[in-house]
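S.K.: I would like the atomic coordinates for the input below:
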Amino acid sequence: MTPSESTKRIPPVQPSNDEALAMLDSMLERYSWGSVIRTIVMGIVLGLGIAWLVIPVYVSVTVTTLFGDAPKAYWYLSRSSGVVAYVLLWLSAVWGLLLTTAIGKALGKVAAIVDLHRHISWLTVVFVLVHAIILLGDRYITYTMWTIFVPYADTTYRPDAVALGQIGFYLLTLVTVSFWVRRWTGQRVWRALHYVSFVVYIMVALHAIWAGTDTQSLFWVYVTTAMSMLFLVILRLITWVFDRRAQPVDVPPEIA
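M.R.: Below is the predicted model:
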């Protein structure tokens with residue numbers, strides 16, 4: 001074996017870029033708006049059913065506070081759905097990062113991870129909508145559809161923190177919808193849109209911490225989720241570096 005031959009690196013057996021994109025297209029074709037809607041409805045029904053069975057006392061109290069001159073249930077429902085939306089967003093980001101890290105490759109369940117990532121993303125959008133729209137019933141701060149969906153339209157309650165959540169919701173929706181337009185936008189644009197997910201997570205986390213009234217009680221939830229995201233991002237960068245190094249090196253014919 002010559003020195004030049006000993007320095008050649010043998011790349012790992014991996015699907016080509018075209019094969020990977022074709023696999024992603026085939027997985028995306030398995031879904032339709034109908035399947036997404038069914039998943040969302042099933043998730044909401046299942047969640048309500050579990051809540052009614054597990055915490056009937058709290059659910060009953062919440063129902064009785066939906067009416068009256070100062071109903072508190074809307075504020076409680078908004079807070080709880082906001083927490084659920086944050087956790088779902090974190091899970092969606094985690095599964096998305098697993099697709100491109102050594103952990104995801106070791107699991108070898110790309111299709112399952114993609115499925116979970118997409119469904120969790122849509123559930124996140126739904127719970128964010130519940131988190132916002134349910135406030136229309138609150139009497140303490142009189143919200144309208146305009147003030148709920150337009151940043152800085154209302155300045156009565158922490159407008160900067162609220163605007164972060166509103167803008168983050170629009171970016172989240174853009175990233176989620178991008179699954180259906182990848183074949184028209186191309187891989188580069190689609191990937192760039194998914195990098196926006198990191199911005200969305202940061203904006204929503206800041207919104208939850210600065211605008212939420214449960215920041216102290218959820219302190220360790222925010223710390224744990226943020227640290228896990230940081231860990232996976234670092235792992236993703238390490239994976240990218242090793243993948244780059246594992247690429248075959250073109251050896252000139254005269255020294256091969």
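S.K.: from A208, how far out is T215?
M.R.: Here T215 is placed at a distance of 7 Å from A208 (Cβ to Cβ, to the nearest Å). Bear in mind the C-beta positions are built from the backbone N, C-alpha and C, glycine included.
S.K.: again with L136
M.R.: L136 is 21 Å from A208, where distance means Cβ to Cβ.
S.K.: again, but for M42
M.R.: Distance, M42 to A208, using Cβ to Cβ: 26 Å.
S.K.: quick one, which of those two is more surrounded?
M.R.: A208 (24 against 10; other Cβ atoms under 10 Å).
S.K.: dump the residue contacts of the nearest residue to that one once chain neighbours are set aside.
M.R.: Excluding the flanking residues, the one nearest A208 by Cβ to Cβ, 6 or more residues apart in numbering is Y86, at 5.2 Å. Applying Cβ atoms under 8 Å, 6 or more residues apart in numbering, we find Y86 in contact with V204, A205, A208, T225.
S.K.: likewise for M203?
M.R.: Applying Cβ under 8 Å, 6+ apart, we find M203 in contact with L164, G165, I167, G168, L171.
S.K.: just T124 next, same as before
M.R.: Per Cβ under 8 Å, 6+ apart, neighbours of T124: A85, L88, L89, S92, L172, T176.
S.K.: leaving out chain neighbours, which residue sits closest to the third one?
M.R.: What it means is L89. Nearest one to L89, counting by Cβ to Cβ, 6+ apart, is T124 at 4.9 Å.
S.K.: after the strand or helix carrying that neighbour comes which helix or strand?
M.R.: Following DSSP states H and E, the helix or strand that holds T124 is helix 110-133. With elements assigned by DSSP H and E, the helix or strand that comes after helix 110-133 is helix 145-149.
S.K.: and that next one, what's buried?
M.R.: Buried residues in helix 145-149, counted by 16 or more other Cβ atoms under 10 Å: T147, I148.
S.K.: and the next element down the chain from it?
M.R.: Counting by DSSP H and E, what follows helix 145-149 is helix 159-177.
S.K.: show me what that next one is packed against.
M.R.: Contact partners of helix 159-177 among helices and strands, from 3 or more Cβ pairs under 8 Å, 6 or more residues apart in numbering; DSSP states H and E: helix 110-133, helix 187-211.
S.K.: for T142, give me its contacts.
M.R.: Here T142 is in contact with no residue (Cβ under 8 Å, 6+ apart).
S.K.: and it, how close does it get to A211?
M.R.: Taking Cβ to Cβ, one finds T142 at 17 Å from A211.
S.K.: and whichever strand or helix holds I234, average pLDDT?
M.R.: Secondary structure assigned from DSSP H and E places I234 in helix 219-246. Mean per-residue pLDDT for helix 219-246: 83.
S.K.: buried stuff in that helix?
M.R.: So, applying 16+ other Cβ under 10 Å, buried residues of helix 219-246: V221, Y222, T225, M229, L232, L235, R236, T239.
S.K.: repeat that for stretch 164-177.
M.R.: Buried residues in stretch 164-177 (16+ other Cβ under 10 Å): L164, G165, Q166, I167, G168, F169, L171, L172, T173, V175, T176.
S.K.: pretty sure the second one contacts A205?
M.R.: Right, G165. No: assessed by Cβ atoms under 8 Å, G165 is found out of contact with A205, at 10.1 Å.
S.K.: where does pLDDT dip in the stretch 101-250 of the chain?
M.R.: 101-113, 243-250 (pLDDT under 70).
S.K.: what about I134, neighbour count?
M.R.: I134, neighbours per other Cβ under 10 Å, totals 21.
S.K.: quick one on the thing from earlier: adding distance to V200, write the contacts of T124 out as TSV.
M.R.: Converted to TSV, these look like this (distance: Cβ to Cβ, whole Å):
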residue	distance to V200
A85	12
L88	12
L89	7
S92	9
L172	5
T176	10
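S.K.: from those, which is closest to I120?
M.R.: Taking Cβ to Cβ as the measure, I120 sits nearest to S92 out of these, at 4.3 Å.
S.K.: how many neighbours does that closest one have?
M.R.: S92: 26 neighbours (other Cβ under 10 Å).
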